[in-house]
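A.B. asks: build the 3D model from these lines:
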Amino acid sequence: MPRRYRRTCTACTRARWRKWRPRPARRAVDPKPIATDKLLAARFESSNRLHYVSLIQSLCSPAGCLATLPEDRGLIVVDYGHLSPPGSVYVANHVLAVPLRTVLRLAAQAPEPSS
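C.D. replies: A predicted model of the protein is given here:
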């Protein structure tokens, strides 16, 4: 999950109250989770048992990380690393839904383990 510096979260919240939509900014995002995310993605890329879903790859671009939700539905995070309630719904529907459906479909097709 992209982690924002606390000052950035405060600025985003104040901007939201003023109806100004902040642009994503790379400098406002802590680089440590981005490095960890890349490491985990590389580590599990060829795994047959685990599927790594990166929130950073889904919510960030070279321009920065998503600060507000599309269609003016609010902020995606409430502080340095926690999703807002609408942000959680957005992530569930737009980031996690497809990988979860794939995993559940594969699980349903798997043969029953023998006792």
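
A.B. asks: and the residue nearest the centre of the chain, how far from Pro99?
C.D. replies: Taking C-alpha atoms, centre = their mean, the centroid of the chain lies closest to Leu55, which sits 2.7 Å from it. Note on Leu55: its distance to Pro99, by C-beta to C-beta, to the nearest Å, is 12 Å. In this view, the C-beta of every residue, glycine as well, is placed from N, C-alpha and C.

A.B. asks: helix or strand next in line after the one helix or strand in the chain whose mean pLDDT sits lowest, which one?
C.D. replies: Sorting the helices and strands of the chain by mean pLDDT, DSSP states H and E puts helix 6-17 at the bottom, at a mean of 56. On the C-terminal side of helix 6-17, the closest following helix or strand by DSSP states H and E is helix 31-44.

A.B. asks: for that next one, which helices and strands make contact with it?
C.D. replies: Helix 31-44 is packed against helix 55-59, with contacts defined by 3 or more C-beta pairs under 8 Å, 6 or more residues apart in numbering; DSSP states H and E.

A.B. asks: chain center to the helix it packs on, what's the gap?
C.D. replies: Helix 55-59 sits 4 Å away from the centroid of its parent chain (C-alpha atoms, centre = their mean, to the nearest Å).

A.B. asks: for the record, mean pLDDT for the next helix or strand after that helix?
C.D. replies: Sequence-wise, the next helix or strand downstream of helix 55-59 (DSSP H and E) is strand 60-61. On average, the pLDDT along strand 60-61 is 84.

A.B. asks: tell me the strands beside strand 60-61, with direction?
C.D. replies: Under the criterion DSSP bridges, strand 60-61 sits next to strand 64-65 (antiparallel) in its sheet.

A.B. asks: nearest residue to Ile76 in space, ignoring adjacent ones along the chain?
C.D. replies: Gly87 (3.9 Å; C-beta to C-beta, 6 or more residues apart in numbering).
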